[in-house]
Every structure is written in C-alpha cells, then in structure tokens.
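**Q** give me a model of this one.
(chains A, B and C)
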Amino acid sequence: MWFQETLIVRTAGRGTYDLSEQVAGVVIRSAVQTGLCHIFVQHTSASLMLCENADPTVRRDLEAFLSRLIPDGDPVFRHTAEGPDDMPAHVRTVLTHSSLTVPVAGGSCSLGVWQGIYLWEHRRAPHQRCVSVTVNGE
Amino acid sequence: MWFQETLIVRTAGRGTYDLSEQVAGVVIRSAVQTGLCHIFVQHTSASLMLCENADPTVRRDLEAFLSRLIPDGDPVFRHTAEGPDDMPAHVRTVLTHSSLTVPVAGGSCSLGVWQGIYLWEHRRAPHQRCVSVTVNGE
Amino acid sequence: MWFQETLIVRTAGRGTYDLSEQVAGVVIRSAVQTGLCHIFVQHTSASLMLCENADPTVRRDLEAFLSRLIPDGDPVFRHTAEGPDDMPAHVRTVLTHSSLTVPVAGGSCSLGVWQGIYLWEHRRAPHQRCVSVTVNGE
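**A** Residues are numbered from 1 along each chain as shown, chains lettered A, B, ... in the order given. This next block holds a predicted model:
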C-alpha cells in the first residue's frame, strides 16, 4: 500500500516548526498499520530533524549551537548573492537531514516518547516549504 | 513482505556499540531477499552511524572529534537540568543519524566490506536504548 | 515492485560528483510510478548529499567549510596510517549521509527545482565508488 501527500509549511523565518501532528494525520489517512513513513523537504535551505519535544530550550540551544558553528556572513563563503544567511542555510541543511524515515507500527509513527518531527527553516525571511510524505506498508 | 523487530541495547555510557550482527539476524529472520532494512533509534540522545569496522581507533577518533566540537558543559547551552552531557547528546544526535536505511540483496544487508552499523550512546551514564528494525522486500 | 542497480562512480579525488541523471535513469528503468528511491554508498570515506544544483560555488563553499571544520592532519586524530585525509574522510561521511531516500511520483524522483543528488568524495586520491540504488513502488 502506498500513500503520498504534500504538506505546505509556511515559516516565519529561521526556527523550528513542529510537524508531528501533520505527519501523524497523513499516516492515519494512509490506513497503513505496519510499514514506514518517509518525510522529505524539497528545498536546500530548510531541513528536518527528530528532536526532544518537551523543553523548547533544547531547540533554542540547537539553534544557538548551529549559529555559532556556521555563522551568517562567514568570510569563507563566496555564494553570497542572496544574503549572509544563504550559504549557511545550505551548510545547515547538509549537516542535518533532508529526509526522515520513521517506522509505522499499530497504525501510527513509532516514535520515542520524547521524539518530535520538526522542520528547520534556515533562512531569515519567511518561506513556503513543500514537504512530501510517503507512507508504505500493509 | 514486512518484518519488524525491536532490539534492546544496554549501553555502558558514552561510546559506540556494534549492532551489525543483531541487524543481520533480523534480516535473516525476515526472509527478505531483495529490499531495504531500516534501523531507527527511539531516543534523542543516542544515534546511529555506518562506520569503518576494522580499526577501533576510527571510532575513538570520531568520539574525540565530536567531544571537541560539542564540548560537555559548553556555556552556549541553557538546557542543563540533566547535566553537562545532556544538550551535547541532543546536538550529536541531530548531527549524526536517528535512522539508517541499508539495501538488502541476496538475503542480507548489502554493506561495503568496511561498513559496520553502530549505535552511538551520547550520554555518560548507562542507558537502555530501543532500536526498531523494519525489513521490507520480496 | 522492487528494482536494484549498482552504479560505479570513478572519482578524480576530493570533490562532488553529480549523480542526478544516473539515478533518474534507474528510476525510469524500474518503471515505478509512485514510491521511493534509495541511494546508498558502500564506503566510509565518501558520502551523498542533496545540494543546490545551479551555482557550483555552493559546492565549493561546502567543501571550504568542511575542510576548515575537519582539517586534514588534525592532531586529534590517531588513525593516520592511510594519510592525513583518511580520518577526516570518515568524519565527513558520518556528518553528511551514507544514504538518501527520495520520493518517486509520476515516474520520476520528486526533487525540488534546486535539488541535485551528489556523491562527495572525501579522499584526495581518485577512487572507484559503488553506489547501490533501490527503487520500490507501484
């Protein structure tokens, strides 16, 4: 059984956006009981992550760490036409994940208690992001 | 054909744990000949990696590199309630992998000669980790 | 429906190699209309990434960033028998991706307009790399 849907996520600029409920909805609509759920972001300046979902400070700290590791405006970058956050957004995407695959068991995503699914917008300006969700199973 | 099993991995604290044989066992029990094997860790402070499996110094060096890149007790972190290794464990997980997908061919994981499948415990204290393995194929 | 092929990629040493067309060819030969395409590199010193495909400066900047973050000959590394670029190649592989999974829709990879599929050779010398492509769907 195959089921595919595209989610449109409107971001307000750099930061993390919880997709857990929207992805759970796709899995329910797929009617798959046992299988896999694949989530894919069709952009190279936004990414996905599984992250602790209880304390928002965790996501604040992840952002602080990446901002220091890959600073906007870093002189090592030459691809700067779209601004100082353009190339850092590409590096952040490559160092995190363009796709996630999560097991489906008992008709829902078999995540750990503390795991949430997040889109990570890496550009400073608001963007509209397409996230393709594919559920496969029986 | 779908086959799903959960492995319980007891860690002795920070370090890498070879799961290659346990995963190979799941693939054999699945009886899948051609397909994919998906491995998923249901935690946000332990991760998975494919790594050189011959010289243990490679994993020692990976640990040394990550420990320097994401130091325990780094003052950039505010989420410190569970100790100085808590937030670094989340960052290490996001920068490595919560899941791996490996091709299955001829009834076993089609890994390269030097590739092993490792759980990477990022917390200093021992933990019990759940790893969900899903095999799909024909 | 399952379809599996191995691509042989001859690299000229460190740098990125566009696999988008070769992967598209496998998907066409698979005749899958809706499903997933999984790409897997069977080595621990070369990796895969989805990257901006329009301006080659993006890939030049990614290389510059990683070369600075994980310098060849870094004294933190002890696994140096194969040269100063050996251990950095393993770290680069773990921090990027050994596999990519891309949705298939309408008979082709459902990539964003700016997304290309690249092999990233991390060793300085030329290598021959095996990339296993598995397409599954209906």
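
**Q** drop to CA atoms for contacts and neighbour counts, all remaining ones
**A** Fine.

**Q** tell me the contacts of A:Ala24?
**A** Going by CA atoms under 8 Å, 6 or more residues apart in numbering or on different chains, A:Ala24 touches A:Ser108, A:Cys109.

**Q** same question for the host helix or strand of A:Gly116, mean pLDDT?
**A** Under the criterion of DSSP states H and E, A:Gly116 resides in strand A:115-121. On average, the pLDDT along strand A:115-121 is 98.

**Q** same deal with stretch A:4-13?
**A** pLDDT averaged over stretch A:4-13 gives 98.

**Q** alpha carbons of it, in PDB - could you do that?
**A** Extracted in PDB, the C-alpha atoms of stretch A:4-13 (Å, rounded to 0.1, in the frame of the first residue of the first chain):
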ATOM      1  CA  GLN A   4       1.600  10.200  -0.700                       C
ATOM      2  CA  GLU A   5       0.700  13.700   0.300                       C
ATOM      3  CA  THR A   6       2.500  17.100   0.200                       C
ATOM      4  CA  LEU A   7       2.300  19.300   3.200                       C
ATOM      5  CA  ILE A   8       2.800  23.100   2.700                       C
ATOM      6  CA  VAL A   9       4.500  24.700   5.600                       C
ATOM      7  CA  ARG A  10       4.600  28.500   5.900                       C
ATOM      8  CA  THR A  11       7.500  29.600   8.000                       C
ATOM      9  CA  ALA A  12       8.100  32.900   9.800                       C
ATOM     10  CA  GLY A  13      11.800  32.700   9.100                       C
END
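
**Q** what's in contact with it?
**A** Residues contacting stretch A:4-13 (CA under 8 Å, 6+ apart): A:17, A:22, A:26, A:121-135.

**Q** the most centrally placed residue in chain A: what secondary structure?
**A** Among the residues of chain A, the one closest to the centroid is A:Leu48, at 2.0 Å (CA atoms, centre = their mean). Here A:Leu48 is strand, with the state taken from DSSP: H, G, I helix; E, B strand; the rest coil.

**Q** so it sits against A:Arg129, correct?
**A** No - in this structure, A:Leu48 is not within contact of A:Arg129 by CA atoms under 8 Å, at 11.4 Å.

**Q** quickly list what's touching both of those two.
**A** With CA under 8 Å, 6+ apart, A:Leu48 and A:Arg129 have common neighbours A:Val41.

**Q** so what's the residue count around the closest residue to A:Gly112 other than its chain neighbours?
**A** Leaving aside its sequence neighbours, A:Gly112 sits nearest to B:Gln42 (CA to CA, 6 or more residues apart in numbering or on different chains; 4.3 Å). Counted by other CA atoms under 10 Å in any protein chain shown, the residues lying close to B:Gln42 total 23.

**Q** wait, B:Gln42 touches A:Pro103, no?
**A** No - look at B:Gln42 against A:Pro103 with CA under 8 Å: they stay out of range, at 9.9 Å.

**Q** so what's in contact with those two at the same time?
**A** Common contact partners of B:Gln42 and A:Pro103 (CA under 8 Å, 6+ apart): A:Leu111, B:Ser132.

**Q** tell me the SS of the closest residue to chain B within chain A?
**A** Of all residues in chain A, the one sitting closest to chain B is A:Gly112 (4.3 Å; CA to the nearest CA). Taking three-state DSSP as the rule, one finds A:Gly112 in the coil state.

**Q** how many residues are close by it?
**A** 16.

**Q** quick one: it and A:Val104, what's the gap?
**A** Counting by CA to CA, to the nearest Å, the separation of A:Gly112 from A:Val104 is 12 Å.

**Q** swap in A:Leu119?
**A** 20 Å.

**Q** distance from the chain centre to whichever strand or helix holds A:Thr6, please.
**A** Using DSSP H and E, A:Thr6 sits in strand A:2-10. Centre-to-centre, strand A:2-10 and its host chain are 13 Å apart (CA atoms, centre = their mean, to the nearest Å).

**Q** neighbouring strands for the next helix or strand after that strand, and are they parallel or not?
**A** Reading on from strand A:2-10 to the C-terminus, the next helix or strand found by DSSP H and E is strand A:15-18. According to DSSP bridges, strand A:15-18 forms sheet pairs with strand A:115-121 (antiparallel).

**Q** what residues does the partner strand touch?
**A** Contacts of strand A:115-121 (CA under 8 Å, 6+ apart): A:11, A:13-20, A:45-53, B:42-44.

**Q** quick check: what element follows that strand along the chain?
**A** strand A:128-137.

**Q** that next one relative to strand A:115-121, how many degrees between them?
**A** 150 degrees (axes from the mean of the first three to the mean of the last three CA atoms, to 10 degrees).

**Q** buried residues in strand A:128-137, which are they?
**A** A:Arg129, A:Cys130, A:Val131, A:Ser132, A:Val133, A:Thr134, A:Val135, A:Asn136, A:Gly137 (16 or more other CA atoms under 10 Å in any protein chain shown).

**Q** and chain C, which of these reach it?
**A** A:Ser132, A:Thr134 (CA under 8 Å from any CA of the partner chain).

**Q** just the closest of the buried residues of strand A:128-137 to A:Glu82, please.
**A** A:Arg129 (17.5 Å; CA to CA).

**Q** mind checking how far the residue nearest to the closest one when sequence neighbours are not counted is from chain C?
**A** Excluding the flanking residues, the one nearest A:Arg129 by CA to CA, 6+ apart is A:Val9, at 5.0 Å. Distance, A:Val9 to chain C, using CA to the nearest CA, to the nearest Å: 15 Å.
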